[in-house]
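K.L.:
sequence and computational prediction follow.
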Amino acid sequence: MPFSFLHPWFWLGALAVAAPVWLHLRWKKETNLVRFSAVRFLEDESEPQRSPLRLEDWVLFVIRLLALLLLIAGFAWPYLRHANSLPIRESRVYVLDNTLSHQANDGFNVDRARILADVQSAGSDVQVAVVELSNTPRVVVAFGEDRDTAREKIKALQPSFERGSYLAAFRQASALLGNSLGEQKRIVFCGDNQENQWKENVNTPPFLRDVRIDLPPAASKTLPNLWLSEPRTQRIFLGDRSLVNFTVKLSHTGPAPTANIVVRANSQAVLSRTIDLEKQPETIVIQAQWEADPSAWVRGEAVLEGTPDSLPADDHVFFSLAPVVEGRVALLAQSPYLRLALSPEIMRGQWATRIIDPARLDDEVATNQDADVLCLESNYLQSSAARKLLSRYLTNQRGVFLVINRLTPAIEGCLRELGFEPEGTWNTGANNPDKFQFVFSNHPIFHPFLSPDYGNLMDIKVLEYVRLKSASALPLVFSESGAGLFFQGTRPSAKLFVAAFGLDRDHTSWPVDQTFIPFLDLTLQAARAEDPTPASFEPGELGTIELPASVKTREVVLREGDHEMSRAPVQRGKAQLRMPDKPGLYALSSDTQQTLKILSVNPSPKESQLVYLPAAEPVKAWQQNTPVLTEKPAMATVAGQVRLSSILHQRLWWWMVFGALIMLLLEMGWAEVRKEGR
């Protein structure tokens, strides 16, 4: 059988064989000599000395010689030149797109079946790996795994609702190929070429070196689809009634004429409607409203039906709403409308109001017993104690609702410190009042007023207000004349809302309008320190859950009904949890089974955008190809074909290294035995 060496010049090291020969044949000088001043009268030695060229230990010599030759042969990298001298011709990585969009037209199952067929038919000179593209790319089948095991792992994959990164999956495949054995390297992408996926990382530097990429052709540019996204819930109080305001976005592409939507809350249907989609914008906001117990959790879902629909998996969304926890308001105002709106008769269970006595402002500052929100009128800012109180609330990240009912030099200075530049008072008069012209309806305060059930904000009249300008505040309401009437401060360390007019009949008609109490409640809710934990997560997402300071627990448990999904330790009031891979409602509880939160898991709306690219241009930018030489020397060709990694797969090299180690151990043992025998 032909036998060759990858680096035959290492055999020049065989000259080192002379070293053990010299060790054995060298002249051994006697160490125990006694020297005399004269030896000329001594008789000549009767027996001749032993010849210095005689080997004293043949066994030790042979062991040392074999160890050295085996080490030299190992460094020369021997290999057998037979049909299997190149065990791996190609290293191939399949990237299987297991995101939600790939379920359209059964794309995931088709590609999974294709990979199973390729693994079955691949020759022994092709090594195969499979990377699952999901929220986090995962190696399903690694190089070197048994084919039967690989097929079983691929069959076990199920369609997911997650969203993943094409770039992250290709990087994972590149890392596998970097440690592969094949002469050729190849990535086979089994996905749907979704447009928004490819466009996410268009400026990534090249990282795929000498890798062939196989991309699937885009079957069509778009597919028809119906989907729901971004469910939002908000609790509104109208007198003694606690109402839940719900909105969800219904989006559609394609020729579907109608769609049926059903919304259920706590197992009861609260909305069932047929939506006409013809001549409608691509996205429609669907609203629903129902009465609910403010002390109980709201668990709900919205389901959509319509045809044609290429991706039914995105027609279902979930939502939840926490019970009401009574907040605390410190009120420093003389407006009878504010005092009445925040009275226990109206806000019981929602807000507990503590009215601050203006004569005892110094005591209020000294006691340092802040509420959740401070609501005050600007005329009290002439007092240094009131300014200190305002500053402390903002510094301690408490909410502040400031109503400007008066303007003086002292108040102007305080407003400038807050980032506002007052430009005087504007009095329109009762005969020609200003009205609301623009309201930022996407803001949580004004979003519920999209429903006419709460009244019409465009009917609000403003008789007197202060013109304000600010580079650090967001105007939420504008008048017909273009003046800002309601602002939100944008400082990250505090929540500040400013009304440019007083809340009494001399300044506006708002206090006697039906929208006033819902607006006041929503403003206080927005100013209140809120839970930073998002209400909704995506499948497979790693979320950070922040727990209230009152909750004392070592770990939290995520459950679906009675089934435990996962656990996570609590450190410094926070816990990190990997969300389940399927949409739904999941209860987060403490180790004592106290329900802390209800988390809703919904798919990303980007996965529902079934728009495709005919070719993946970013892949060309990711590739880094090197020129191939047309002619190579014979030795370079052999070295290129036979790699060290291929040699390592042959037993010959390992036997040589193992034999050299055995010889070295025998040499040490034999030398020790000979030493003790002398």
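P.N.:
Done, it's in. Just so it is clear, the model here is predicted, and its values are computed rather than measured.

K.L.:
only C-alpha atoms for contact and neighbour calcs from this point on.
P.N.:
OK.

K.L.:
residues making contact with whichever strand or helix holds Q576?
P.N.:
Assessed by DSSP states H and E, Q576 sits inside strand 574-578. Defining contact as Cα atoms under 8 Å, 6 or more residues apart in numbering, one finds that strand 574-578 is touched by 540-547, 555-556, 566-569.

K.L.:
now with 7 Å?
P.N.:
540-547, 568-569 (Cα atoms under 7 Å, 6 or more residues apart in numbering).

K.L.:
okay, and the helix or strand of the chain with the least pLDDT?
P.N.:
Here the helix or strand of the chain ranked lowest by mean pLDDT, DSSP states H and E is helix 634-641, holding a mean of 40.

K.L.:
so N432 versus R406, what's the distance?
P.N.:
21 Å (Cα to Cα, to the nearest Å).

K.L.:
with neighbour numbers in mind, choose between these two.
P.N.:
For N432 versus R406, neighbours defined as other Cα atoms under 10 Å are more numerous around R406 (19 against 11).

K.L.:
quick one, phi psi at the residue lying closest to the more buried one once chain neighbours are set aside?
P.N.:
Excluding the flanking residues, the one nearest R406 by Cα to Cα, 6 or more residues apart in numbering is N379, at 5.4 Å. Backbone torsions of N379, given as degrees, to the nearest 10, read phi -60, psi -20.

K.L.:
now the helices for the stretch 301-450 of the chain?
P.N.:
Along the stretch 301-450 of the chain, the stretches classed as helices by DSSP state H, counting those that start in this stretch are 336-341, 344-347, 361-367, 384-395, 409-417.

K.L.:
contacts for whichever strand or helix holds F519, please.
P.N.:
Here F519, judged by DSSP H and E, is contained in helix 516-527. Defining contact as Cα under 7 Å, 6+ apart, one finds that helix 516-527 is touched by 236-238, 341, 373, 399-400, 445, 495-496, 510.

K.L.:
same check on stretch 581-601?
P.N.:
By Cα under 7 Å, 6+ apart, the residues outside stretch 581-601 that reach it are 160-162, 318-320, 535-540, 553, 555-560, 602-603.

K.L.:
still on that earlier bit, pick out the most distant pair among the contacts of strand 574-578.
P.N.:
Distance extremes for the contacts of strand 574-578: the farthest pair is G540 and L547 at 20.7 Å, using Cα to Cα.

K.L.:
mind exporting the C-alpha coordinates of stretch 188-195 to PDB?
P.N.:
Provided in PDB are the C-alpha atoms of stretch 188-195 (Å, rounded to 0.1, in the frame of the first residue of the first chain):
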ATOM      1  CA  VAL A 188     -26.800  25.800   2.000                       C
ATOM      2  CA  PHE A 189     -29.400  28.300   3.100                       C
ATOM      3  CA  CYS A 190     -32.900  26.900   3.400                       C
ATOM      4  CA  GLY A 191     -35.000  29.900   4.100                       C
ATOM      5  CA  ASP A 192     -37.600  32.200   2.500                       C
ATOM      6  CA  ASN A 193     -35.400  35.300   1.600                       C
ATOM      7  CA  GLN A 194     -37.600  37.600   3.700                       C
ATOM      8  CA  GLU A 195     -36.700  41.200   2.700                       C
END
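
K.L.:
any idea how far the helix holding F519 is from the chain center?
P.N.:
Centroid separation for helix 516-527 versus its chain: 33 Å, with Cα atoms, centre = their mean, to the nearest Å.

K.L.:
helix or strand right after it?
P.N.:
strand 536-537.

K.L.:
of the contacts of helix 516-527, which is the most crowded?
P.N.:
That'd be V373 among those, by other Cα under 10 Å, with 29 neighbours.

K.L.:
so how far is R491 from the nearest residue to it once chain neighbours are set aside?
P.N.:
Nearest residue to V373, sequence neighbours excluded (Cα to Cα, 6+ apart): G399, at 4.4 Å. Distance from G399 to R491, counting by Cα to Cα: 12 Å.

K.L.:
go on, D581?
P.N.:
Distance of D581 to R491, given as Cα to Cα: 36 Å.

K.L.:
neighbour-wise, which of these two wins?
P.N.:
Using other Cα under 10 Å, the more surrounded residue of D581 and R491 is D581, with 19 against 13.

K.L.:
A helix includes the more buried one, no?
P.N.:
No. Under DSSP: H, G, I helix; E, B strand; the rest coil, D581 sits outside any helix and is assigned coil.

K.L.:
can you give me the strands in the stretch 251-400 of the chain?
P.N.:
258-265, 268-276, 283-291, 298-305, 316-321, 327-332, 351-355, 373-377, 399-403 (DSSP state E, counting those that start in this stretch).

K.L.:
how about the contacts made by N260?
P.N.:
N260 neighbours (Cα under 7 Å, 6+ apart): 273-275, 304-306.

K.L.:
so can I have a markdown table of those showing distance to W351?
P.N.:
Formatted as a markdown table, the contacts of N260 follow (distance: Cα to Cα, whole Å):
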| residue | distance to W351 |
| --- | --- |
| R273 | 35 |
| T274 | 39 |
| I275 | 38 |
| L304 | 37 |
| E305 | 41 |
| G306 | 43 |
